[in-house]
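> Only the shape, not the letters, is given here:
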């Protein structure tokens, strides 16, 4: 039985904002099935009473003083932008036609 | 001996004594790059003019009587995942082609403060995802030992640059083995510091709970000098450890294993390990015993599930981190013809800008984090992470350091694993536990495999903030082996 179907991979591609072709979906479905089959082994080992670790080291949140400090200038911040208008990032429309 | 064959420490001493200038040292290495990098393709960008300018500034400061640091004027190559204001930063991806960051990474800034001369940026697997540098959008890097083989990855440009004598030092990042594995397969030294010991600020993120910047060098002392130069607390990285950098240079100068308790990880041997790798590892065990170490076998049963846990945790974090590449604020934008929505442009851009391995990992991470699968995959992987940390803790009650082969095989041929992700992932089998638990770990050369004559690495793992132990053991092994070999392993590499 496969661990993941082609439809599920198409759904993942949509969630991941990746416009994939049909050939790519076929290819990734096969590969992801193999990978997920292999990594599913994690289910066999860790028992109920083992706490999860999200991090290697014990961490506490770090706060800094709420003091103004120099940041990027608008020119610096916009220097890599694909499109700029009036000192702002120019982006494609973000609302649907009906909005 | 020519300047390019000298170590960073030797170059530093020559410059301090006024026997050679930083400009001469820089020019010699730029000439070497011009001569051999066409074969290696270690560099994505070489900044000849800016490097010579930095070198001239160092010479002027020295002439003015200024006290300079131990690496001032020494050339270095910088992995192209660290931001640099004066050079493009691509992370090996088309989505960042030509990008000029508006700020320097903390590590970049510290290289500059130490007076290191940054010659250029090195090739890598796209967003540091891979073990061969074949996943770069800008072409493969070749192993100086055999141009038909991979230089390891993801920091393969940095390992090839050092092993090819184009620089004495380079930087890397290690998320699952991306410094140690390339060091092992090119016959050089590579160190993954304790997680949080070196700053991630300005390192283009792959898996934030694992990413660790570290040094490459041709010997243990040089690696320690570089480690010390760029490590230490950084207020700009919230996971940076606010503690002194372990005494790595002192340890590297006084390699000694007498009375040291060394544990051999029982689980890292057997099927899938190349005989020549295992033979050199056994030699290393005998060597350590002959030097006065007490070697015992240690079992770390959870290490066998480190690989599957890693390939859930790292992709999960990457799927989140790489969401920032949205075609809006920097980098590539595709299909913005005035009719498409932002979301459509985003999906077209990411499909065009990311390579296959990055797409695979983003989708795998999205899957592992999605509702219905989270507990079975990401949740379980996090439990494995706890078990691995417990195995390390138990082991370090018995021994001072753990050792294993760095990687199960020597450098494999370019193309051999390119379309078989699971085969590629096995290259990180022995290196991943130290990432999941945050430990310090180093790879040092320990000989050539009999069957192919290619370098083998010995991995030395130490507890969190025990980085100095890696260097102390590494230096002792290096000294004994170089006495036996009559010089560094790398001197056996064919001329380029």
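Right, received. Where do you want to start? The shown structure was predicted, so the numbers you read here are calculated from the model rather than taken from an experiment.

> okay, and the helix or strand of chain A with the least pLDDT?
Sorting the helices and strands of chain A by mean pLDDT, DSSP states H and E puts helix A:42-45 at the bottom, at a mean of 83.

> and residue A:31, which of the three is it?
The three-state label given to residue A:31 by DSSP: H, G, I helix; E, B strand; the rest coil is helix.

> Run a quick neighbour tally on it.
When neighbours are counted by other C-beta atoms under 10 Å in any protein chain shown, residue A:31 registers 20. Yep, even glycine has a C-beta here, placed from its N, CA and C like the rest.

> Just confirm it contacts residue B:421, I think it does.
Yes. Proximity of residue A:31 to residue B:421 meets the contact threshold set by C-beta atoms under 8 Å, at 5.9 Å.

> intersection of neighbour lists for these two?
residue B:360 (C-beta atoms under 8 Å, 6 or more residues apart in numbering or on different chains).

> For chain B, which segments count as strands?
B:43-46, B:75-79, B:117-122, B:169-174, B:189-192, B:212-217, B:261-265, B:294-298, B:401-405, B:440-448, B:455-462 (DSSP state E).

> The second one - what's its average pLDDT?
The predicted model assigns strand B:75-79 a mean pLDDT of 98.

> how about that strand: buried residues?
B:75-79 (16 or more other C-beta atoms under 10 Å in any protein chain shown).

> so where's chain B shaky on pLDDT?
Low-confidence segments of chain B, defined by pLDDT under 70: B:1.

> let's see it at 90
Applying pLDDT under 90 to chain B picks out residues B:1, B:269-271, B:371-373, B:375-376, B:418-419, B:421-422.

> for it, which residue is closest to the average position?
Centroid-nearest residue in chain B, with C-alpha atoms, centre = their mean: residue B:179, separated by 2.0 Å.

> The closest residue to chain B within chain A - how many residues pack around it?
Going by C-beta to the nearest C-beta, chain B is nearest to residue A:56 of chain A, at 2.8 Å. By other C-beta under 10 Å, 23 other residues sit near residue A:56.

> how near is the residue sitting furthest away from the middle of chain A to residue A:38?
The C-alpha centroid of chain A is most remote from residue A:67, which lies 31.5 Å away (C-alpha atoms, centre = their mean). Distance, residue A:67 to residue A:38, by C-beta to C-beta, to the nearest Å: 50 Å.

> what's the answer for residue B:417, then?
14 Å.

> ok, the two, which is more surrounded?
Legend: neighbour count by other C-beta under 10 Å for residue B:417 and residue A:38, higher for residue B:417 (20 against 15).

> my guess is the residue nearest to the centre of chain B meets residue B:170, correct?
No. Residue B:179 lies out of contact with residue B:170 (C-beta under 8 Å); the separation is 9.7 Å.

> shared neighbours, these two?
With C-beta under 8 Å, 6+ apart as the test, residue B:179 and residue B:170 both reach B:155, B:215-216.

> Neighbour-wise, give me the winner out of those residues.
Within these, neighbour counts (other C-beta under 10 Å) peak at residue B:155, which reaches 36 neighbours.

> how about the residue of chain A closest to chain B, phi and psi?
Main-chain dihedrals, residue A:56, degrees, to the nearest 10: phi -80, psi -40.

> one step back: show the contacting residues for the residue nearest to the centre of chain B.
Listed by C-beta under 8 Å, 6+ apart, the contact set of residue B:179 reads B:155, B:172-173, B:190-192, B:214-216, B:443.

> of all those, which two lie farthest apart?
Spatial extent of the contacts of residue B:179 (C-beta to C-beta) is set by the pair B:173 and B:443 at 14.7 Å.

> Any chance of JSON lines for the strands of chain B, columns distance to chain A?
Formatted as JSON lines, those follow (distance: least, C-beta to the nearest C-beta, whole Å):
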{"stretch": "strand B:43-46", "distance to chain A": "16"}
{"stretch": "strand B:75-79", "distance to chain A": "19"}
{"stretch": "strand B:117-122", "distance to chain A": "16"}
{"stretch": "strand B:169-174", "distance to chain A": "13"}
{"stretch": "strand B:189-192", "distance to chain A": "12"}
{"stretch": "strand B:212-217", "distance to chain A": "9"}
{"stretch": "strand B:261-265", "distance to chain A": "17"}
{"stretch": "strand B:294-298", "distance to chain A": "19"}
{"stretch": "strand B:401-405", "distance to chain A": "16"}
{"stretch": "strand B:440-448", "distance to chain A": "11"}
{"stretch": "strand B:455-462", "distance to chain A": "13"}
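
> out of those, which comes closest to residue A:26?
strand B:43-46 (32.1 Å).

> which other residues reach the closest one?
Contact with strand B:43-46 is made by B:30, B:33, B:37, B:77, B:80, B:87-88, B:90, B:92, B:119-123, B:138, B:157, B:161, B:166, as judged by C-beta under 8 Å, 6+ apart.

> who does that strand pair up with?
strand B:117-122 (antiparallel) (DSSP bridges).

> what does the stretch 51-200 of chain B have sitting close to chain A?
B:99-103, B:195-196 (C-beta under 8 Å from any C-beta of the partner chain).

> tally of neighbours for residue A:78?
Other residues lying near residue A:78 total 19 when counted by other C-beta under 10 Å.

> What are the phi and psi values at the nearest residue to it once chain neighbours are set aside?
Distances taken as C-beta to C-beta, 6 or more residues apart in numbering or on different chains put residue A:84 closest to residue A:78, at 5.0 Å, once the chain neighbours are dropped. Taking degrees, to the nearest 10, you get phi -130, psi 140 for the backbone angles of residue A:84.

> Tell me which residues touch residue 5, please.
I went with chain A, as the question did not name one. residue A:29.

> sorry, should have said chain B
Counting by C-beta under 8 Å, 6+ apart, residue B:5 touches residue B:165.

> how near is it to chain A?
Distance, residue B:5 to chain A, using C-beta to the nearest C-beta, to the nearest Å: 38 Å.

> do the same with residue B:164
Residue B:164 is 32 Å from chain A, by C-beta to the nearest C-beta.

> That residue touches residue B:42, doesn't it?
Yes. Residue B:164 is within contact range of residue B:42, at 6.4 Å (criterion: C-beta under 8 Å).

> Of these two, give the one with the bigger neighbour count.
Using other C-beta under 10 Å as the criterion, residue B:164 and residue B:42 rank with residue B:42 on top: 30 against 27.

> ok, the more buried one touching residue B:152?
No. Using C-beta under 8 Å, residue B:42 is not in contact with residue B:152, being 11.8 Å away.

> Please name the residues that touch whichever residue of the stretch 351-496 of chain B sits closest to chain A.
Proximity of the stretch 351-496 of chain B to chain A (C-beta to the nearest C-beta) peaks at residue B:438, 2.8 Å away. Counting by C-beta under 8 Å, 6+ apart, residue B:438 touches A:55-57, B:194-196, B:389, B:464.
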